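In: Whatever this is, show me its structure:
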Amino acid sequence: MEGRTNLEPAPVLAQRGAMRFPNESAEYRAARTALLAEEIELRRHIERVAAQRRALPPGGVVPEDYAFDGAEGRVQLSELFGAHDTLVTYTWMFGPQRTRPCPMCTTLLDAWDGQARALGERLSLAIIARSPIQRLLAYRKARGWRSLRLYSDVGGAFSRDYHGIADDGSDIPAFTVFSRRDGAIRLFWAGEMDGATADPGQDPRGAPDLMPLWTVIDSTPEGRDPDWYPKLDYHEARSAGA
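Out: Next up is the predicted model:
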């Protein structure tokens with residue numbers, strides 16, 4: 001979208017849309033076309049925000065080459081990049097104080113496991129948590145994940161510096177992007193939406209939302225239920241006929 005300043009107005013494009021569905025009323029079509037114009041504007045706004053993100057000046061140099069335990073042993077942050085110059089990390093809420101991981105984080109990682117190999121063509125993706133690596137790997141096996149790379153944050157220094165630990169020591173999810181350029185590893189961008197940025201009645205979720213789950217639910221008549229969250233398993237619901 002950089003440099004594209006002569007876009008046709010969204011209402012014009014919406015009026016040009018030719019999709020029609022069986023038995024729709026004129027009232028439905030008028031409202032749907034107005035909504036389509038807003039959806040086009042949303043698409044364009046997402047592109048503008050992405051361009052603004054890409055234009056950020058260099059972020060801060062990473063203060064140390066953090067240590068992690070992985071499936072193959074001890075590794076440093078610099079090694080997580082592999083052949084790429086971009087590293088995306090997600091801090092999974094599965095610290096040693098938890099008996100089970102966060103259902104929301106885990107549902108997100110369920111989806112990402114299916115995308116990890118495709119993402120690996122463009123960047124390096126690492127999932128980081130504070131539980132011991134063997135505990136993480138055991139859960140990965142039980143969950144059926146095949147492609148996610150899991151790492152234990154040795155000592156928690158990385159999690160503390162990049163906002164994966166709350167002041168009370170509890171877990172916080174964190175989505176962080178690092179770049180390696182000219183011999184230096186820097187923060188490129190990190191999600192910063194927290195409780196202070198939340199709108200009334202909503203979680204302090206990022207935008208765009210990282211979870212495919214919500215993208216689907218947002219397209220339904222019911223929309224999001226602020227009191228509903230995904231579960232780690234649904235065996236009881238299925239056995240009850242739900």
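In: how near is Y229 to L213?
Out: Using CB to CB, to the nearest Å, Y229 is found at 10 Å from L213. Any C-beta I mention is one placed from the backbone N, CA and C, and that applies to glycine too.
In: More neighbours: which of those two?
Out: Neighbours were tallied for Y229 and for L213 using other CB atoms under 10 Å; the higher tally belongs to L213 (16 against 11).
In: Quickly note the distance from that one to W112.
Out: Taken as CB to CB, the span from L213 to W112 is 12 Å.
In: And for Y90?
Out: For Y90 relative to W112 (CB to CB), the value is 8 Å.
In: residues shared between the contacts of the two?
Out: L125, I127 (CB atoms under 8 Å, 6 or more residues apart in numbering).
In: Any idea how many residues pack against L150?
Out: 23.
In: Could you do L35 as well?
Out: 11.
In: how near is it to G17?
Out: From L35 across to G17, the span is 11 Å (CB to CB).
In: outside of the helix or strand where R135 lies, which residues touch it?
Out: Assigned by DSSP states H and E, R135 belongs to helix 133-143. Here helix 133-143 makes contact (CB under 8 Å, 6+ apart) with 69-71, 94, 96, 101, 106, 110, 129, 148, 150-152.
In: Pipe these into JSON lines and attach distance to E24 per row.
Out: What follows is the contacts of helix 133-143, written out as JSON lines (distance: CB to CB, whole Å):
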{"residue": "D69", "distance to E24": "57"}
{"residue": "G70", "distance to E24": "54"}
{"residue": "A71", "distance to E24": "53"}
{"residue": "F94", "distance to E24": "47"}
{"residue": "P96", "distance to E24": "55"}
{"residue": "P101", "distance to E24": "44"}
{"residue": "T106", "distance to E24": "39"}
{"residue": "D110", "distance to E24": "35"}
{"residue": "A129", "distance to E24": "48"}
{"residue": "L148", "distance to E24": "43"}
{"residue": "L150", "distance to E24": "48"}
{"residue": "Y151", "distance to E24": "51"}
{"residue": "S152", "distance to E24": "54"}
